[in-house]
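*Asks:* My questions concern the predicted model and sequence given below.
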Amino acid sequence: MSKKGRVLVAMSGGIDSSVTAMMLHEQGYEVIGITMKTWDYESSGSSKRETGCCSLDSINDARAMAVNFGFPHYILDIRGEFGEHIINNFVEEYLAGRTPNPCVLCNTHIKWDALLKRADMLNCEYIATGHYARLREENSRKIIYKGIDNSKDQTYVLWGLSQESLKRTMFPLGNYKKTEIREMAKNAGFYELANKSESYDICFVPDNDYRSFLNHRLPDLEKKVAGGDFLYKGKKVGKHKGYPYFTVGQRKGLDIALGVPVFVKEIVPETNTVVLGDKEDLLENHLQIRDYNLIKYQTLPDDFIGLTKIRYKDTGTNATLNVIENKIDVIFHSPVVGIAPGQSAVIYEGDDLVAGGFIDRNVRV
């Protein structure tokens, strides 16, 4: 075994995880690669050719990288666990009128658990992924903080990781920019990998059409939910195809013309109602975070002021935060647009990830 230790690297076949494995191998770690099969397109009802992290091409790309550098590579089939936890939750969240965050759940409850279990079986001290994030230890806690490439920062989807998991985790790419990672791949002779395109779709919704996915999973859904009311300014203004097909903040695809731009303000599953509003109606200053996880602090300080992001691409807004009855109460210092229940709210102090959790429903003031 290498003096630096043995590390299990999650390899999707993409450039980031491939360079992660290459980098650790060159640094003297004993690398073992693993590719997780989480989904197949046939199960989603898609007729498109598989692409992305679960495709045969991606698995072969990961294996080819391992063969090139002479380290072992395994395929781990976790489709059963993935379907039970991630897919079922995805469907249930939409039926509850919320907008799910499957990547966070997958990281927390599927990928890290699967990696650590297999790491123990293979006597690996560490696991590593290609996320753009960094780790340090402070006050006996592992703290996640942003990578130097702000445009690629992925800390938003890592808030659910436990301290136990983080103690064995490595994020080798956090100190690099994406352009540098592509250059590393080119310098190593992997030109095709360096130019490989990236997918930002949800892996099990390859065409990014979650409505079709829901209909495939629940064939009678459209019949059951069609014909609900659109409400605007307290009045019924039309019928919609079903509340699960909408998300807070949505403007396109409403199939209703009112003479002014309107957005989805609220979804009420109990009455199959979709409440519409003007853009200013989406401005709110309060939410609560359920099922939260603390990263930087063991307990959140009273009246803590942190930058809070309510979606992945959000730049964040300063807010005052307090723990009230097992939830984090968030009062924004200036109004934010389109708070969508079910999405993640993630709290930062500078570059440090403080905490995160899921936006609760029906708590706004």
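*Replies:* All right, it came through fine.
*Asks:* List the contacts of the residue most central in space within the chain.
*Replies:* For the chain, the residue sitting closest to the mean C-alpha position, by C-alpha atoms, centre = their mean, is Cys103 at 3.0 Å. Cys103 makes contact with 157, 202, according to C-beta atoms under 8 Å, 6 or more residues apart in numbering. In this view, the C-beta of every residue, glycine as well, is placed from N, C-alpha and C.
*Asks:* other SSEs contacting the longest helix belonging to the chain?
*Replies:* Scanning the chain for the helix with the most residues, using DSSP state H, yields helix 56-69. Secondary-structure packing of helix 56-69 (3 or more C-beta pairs under 8 Å, 6 or more residues apart in numbering; DSSP states H and E): helix 15-26, strand 30-37, strand 73-77.
*Asks:* where along the stretch 201-350 of the chain do the strands fall?
*Replies:* 228-232, 235-240, 263-268, 273-277, 283-294, 304-309, 317-324, 327-337, 344-349 (DSSP state E, counting those that start in this stretch).
*Asks:* Comparing those, which comes out most buried?
*Replies:* strand 344-349 (a mean of 24; mean count of other C-beta atoms under 10 Å).
*Asks:* On the pLDDT front, check Arg6 for me.
*Replies:* The model reports Arg6 with a pLDDT of 97.
*Asks:* what does Leu353 give?
*Replies:* 98.
*Asks:* and it, what is it in contact with?
*Replies:* So Leu353 contacts 143-146, 155, 158-159, 295-296, 346-347 (C-beta under 8 Å, 6+ apart).
*Asks:* from the residues you listed, which is closest to Arg63?
*Replies:* Nearest to Arg63 among the contacts of Leu353: Leu158, at 26.4 Å, using C-beta to C-beta.
*Asks:* number of nearby residues for that closest one?
*Replies:* 26 (other C-beta atoms under 10 Å).
*Asks:* Find the residue closest to Tyr348 in space, skipping its chain neighbours.
*Replies:* Spatial nearest neighbour of Tyr348, chain neighbours left out: Leu307 (4.5 Å); criterion: C-beta to C-beta, 6 or more residues apart in numbering.
*Asks:* just Ile331 next, same as before
*Replies:* That would be Thr320: by C-beta to C-beta, 6+ apart, it lies 4.9 Å from Ile331.
*Asks:* Listing request: residues of the chain with sub-threshold pLDDT.
*Replies:* Within the chain, the segments meeting pLDDT under 70 span 1-2, 41-55, 199-201, 361-365.
*Asks:* okay, now the domains of it?
*Replies:* 6-194, 225-277, 282-359 (automatic domain parsing).
*Asks:* ok, back up a step: my guess is the residue nearest to Ile331 meets Ile328, correct?
*Replies:* No: if you go by C-beta atoms under 8 Å, Thr320 and Ile328 don't touch, sitting 10.7 Å apart.
*Asks:* Can you verify Asp120 is assigned to a helix?
*Replies:* Yes: according to DSSP: H, G, I helix; E, B strand; the rest coil, Asp120 belongs to a helix.
*Asks:* Kindly tell me how buried it is, as a neighbour count.
*Replies:* 11.
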